[in-house]
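> Starting from these lines, generate the structure:
(chains A and B)
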Number of protein chains: 2
Amino acid sequence: MRKIVVLVSGGGTNLQALIDSISDGRINGRIVRVISSKPGVYALERAKSADIACSVVCRADYRSIEEYSDAIANEVENSGGDLVVMAGFLSILSQNFTRRFENAVINVHPSLVPAFCGAGYYGIKVHEAVLEYGAKITGATVHFVNEQCDGGPIILQKSIEVRHDDTPQSLQLRVMTECEHPLLVQAVGLFCQGRIEICGRKTVIV
Amino acid sequence: MRKIVVLVSGGGTNLQALIDSISDGRINGRIVRVISSKPGVYALERAKSADIACSVVCRADYRSIEEYSDAIANEVENSGGDLVVMAGFLSILSQNFTRRFENAVINVHPSLVPAFCGAGYYGIKVHEAVLEYGAKITGATVHFVNEQCDGGPIILQKSIEVRHDDTPQSLQLRVMTECEHPLLVQAVGLFCQGRIEICGRKTVIV
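Numbering: from 1, shown residues only, chains lettered A, B, ... in the order given. Below you'll find the model as predicted:
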């Protein structure tokens, strides 16, 4: 059974989707640790309620992205984790980190990559950009993390329609519930079954 | 009733979708002229079969994009056209052209703009890029044409899933039939009903 470490920074709705899917048998894995980049976030409460071990590793306590990433990597290894899920984790990790866990770090991004992704596109800013551009379709992307920001091999994508009266907040909520949560659960489930093959930039579900 | 000029360069399947939709009453408009950038293309046969006047205005006969665009613009005005539809038209037109027919030139692009659009992304190249990138969702975009390549206000978008065994050709065919044709028919229909409002970069269907 796969041992999953989940990285969080906020409310933890993606974490909750994973916890629920494990408990109802849709994911054949176990969350061995939740690591938060911030203290006091609700994701930590969710982890405690599910009896999952937690750590807080604050970015501000480290001098560089490299040192911070090494601290997170050590936490992952000490937990015996063999899959890292970035579930709304807002800190950037080093190239060293992604090389150390090559093809074993999954991120969810709230747009249809390569649209509205890369540096500067995170959280609510993504949905603000979608609305400013006047796009009529958006969605979410679950992908492996490599050294390129939001640029690793795509595992799954799902689209939804933008409504004419959407605000960044209403769009964020719909993308989370209708795209991010089901995609992340599906992708982690496939990973734990060993069903994701990577070939260059492409993934194939076998 | 709106008078439509359709610009073509090839097989004319988007043109055919428009012809069919006008004849069955889904579009309250009339195609007054088809202008091709190439002689001998099948789109011209389709126009003749539907008793639509045709012109061939070859890019090679003009020294610059500006002169070429002015020639096309004169054809449009002589036809009394008040909507220009670029239906697989592969030549670039000048900024003068788009300013002369502001908010009255509609283009269909075979991807979900802003992904896989801009200079170099046309025809089959778009679908090659989608597959190389490993995207799992693609689609088409119908938009007003302004001075930015594929950058004008978006009217409608529609998405489809990329299949693991897609070739650029199979993907192009599905995007055409499942996205481009229905979107173009719907957008031209809405335009002819006066139901598309433009507000900055955004459009609203009223």
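> Am I right that A:Val5 falls within a strand?
Yes. Remark: A:Val5 belongs to a strand, assigned using DSSP: H, G, I helix; E, B strand; the rest coil.
> Measure how buried the nearest residue in space to it that is not next to it in sequence is and give me the count.
Using C-beta to C-beta, 6 or more residues apart in numbering or on different chains and skipping the chain neighbours, the partner closest in space to A:Val5 is A:Gly81 (3.6 Å). For the C-beta atoms, the positions are set from N, CA and C on the backbone; glycine is no exception. Using other C-beta atoms under 10 Å in any protein chain shown, A:Gly81 has 23 other residues around it.
> thought A:Gly81 was touching A:Leu7?
No. Contact criterion C-beta atoms under 8 Å: A:Gly81 and A:Leu7 do not qualify, at 10.3 Å.
> residues in chain A within reach of chain B, list them.
Counting by C-beta under 8 Å from any C-beta of the partner chain, the residues of chain A lying close to chain B are A:112-116, A:132-137, A:139, A:141, A:153-159, A:164, A:200-205.
> which of those count as buried?
Buried subset of the residues of chain A next to chain B (neighbour count, 16 or more other C-beta atoms under 10 Å in any protein chain shown): A:112-116, A:133-137, A:139, A:141, A:153-159, A:202-203.
> Counting only helices, which of those make the cut?
If you go by DSSP state H, those have A:Tyr133 in helices.
> Where is the longest helix in chain A?
For chain A, the longest helix by residue count, based on DSSP H, is helix A:65-78.
> list the helices and strands that helix packs on?
Under the contact criterion of 3 or more C-beta pairs under 8 Å, 6 or more residues apart in numbering or on different chains; DSSP states H and E, helix A:65-78 touches strand A:2-8, strand A:29-36, helix A:95-100.
> tell me the pLDDT at A:Ile137?
For A:Ile137, the pLDDT comes out at 98.
> now it, nearest residue through space, not along the chain?
Nearest to A:Ile137 is B:Gln157, by C-beta to C-beta, 6+ apart, at 4.3 Å.
> Identify the residues contacting that neighbour.
B:Gln157 makes contacts with A:Ala135, A:Lys136, A:Ile137, B:Leu112, B:Val113, B:Gly139, B:Ala140, B:Thr141, B:Val142, B:Leu183, as judged by C-beta atoms under 8 Å, 6 or more residues apart in numbering or on different chains.
> Ok, A:Cys54 next?
By C-beta under 8 Å, 6+ apart, the residues touching A:Cys54 are A:Arg33, A:Val34, A:Ile35, A:Ser36, A:Leu44, A:Ala47, A:Lys48.
> I'd say A:Lys38 and A:Cys58 touch.
Yes. When contacts are counted by C-beta under 8 Å, A:Lys38 is listed as touching A:Cys58 (6.8 Å).
> So between these two, which is more surrounded?
More crowded of A:Lys38 and A:Cys58, by other C-beta under 10 Å: A:Lys38, with 17 against 13.
> How about residues contacting stretch A:34-48?
A:5-12, A:15-16, A:19, A:31, A:52-59, A:72, A:75-76, A:87-91.
> actually stretch A:180-187, not the one I typed
In this structure, residues lying in contact with stretch A:180-187 by C-beta under 8 Å, 6+ apart are A:13-14, A:17-18, A:21, A:26-27, A:85, A:87, A:106, A:108, A:110, A:140-142, A:155-158, A:196.
> Would you map the strands across chain A?
For chain A, the strands defined by DSSP state E occupy A:2-8, A:29-36, A:54-56, A:83-86, A:105-109, A:137-144, A:154-161, A:196-199, A:202-205.
> wait, what's in contact with the closest residue to A:Tyr62 other than its chain neighbours?
Closest residue to A:Tyr62 apart from its sequence neighbours, by C-beta to C-beta, 6+ apart: A:Tyr68 at 3.8 Å. With contacts defined as C-beta under 8 Å, 6+ apart, A:Tyr68 is in contact with A:Val57, A:Arg59, A:Asp61, A:Tyr62, A:Ser91, A:Leu93, A:Ser94.
> from memory the first one sits against A:Ala73, does it?
Just to be clear, that refers to A:Val57. No. Using C-beta under 8 Å, A:Val57 is not in contact with A:Ala73, being 10.2 Å away.
> Is A:Met86 in contact with A:His109, as I believe?
No. If you go by C-beta under 8 Å, A:Met86 and A:His109 don't touch, sitting 9.3 Å apart.
> residues touching the closest residue to A:Val204 other than its chain neighbours, list them.
Distance criterion C-beta to C-beta, 6+ apart; nearest residue to A:Val204, sequence neighbours excluded, is A:Glu197 at 4.8 Å. A:Glu197 makes contact with A:Thr203, A:Val204, A:Ile205, A:Val206 under the criterion C-beta under 8 Å, 6+ apart.
> got a list of what the second one touches?
For A:Val204, the contacting residues are A:Ile196, A:Glu197, B:His164, by C-beta under 8 Å, 6+ apart.
> what bridges to the first one?
The one in question is A:Ile196. A:Ile205 (DSSP bridges).
> if we can go back for a sec, tell me how far the residue nearest to A:Val204 lies from A:Ala140.
22 Å (C-beta to C-beta, to the nearest Å).
> now A:Ile72
23 Å.
> more neighbours, the two?
Comparing A:Ile72 with A:Ala140 by neighbour count (other C-beta under 10 Å), the higher total belongs to A:Ala140, at 26 against 23.
> Let me know whether the more buried one touches A:Ala115 as I believe.
No. Using C-beta under 8 Å, A:Ala140 makes no contact with A:Ala115, being 11.4 Å away.
> Pull the contacting residues for the residue nearest to A:Phe144 when sequence neighbours are not counted.
In space, A:Phe144 comes closest to A:Gly152 once its chain neighbours are excluded; the distance is 4.2 Å by C-beta to C-beta, 6+ apart. Counting by C-beta under 8 Å, 6+ apart, A:Gly152 makes contact with A:Thr98, A:Asn107, A:His143, A:Phe144, A:Val145, A:Asn146.
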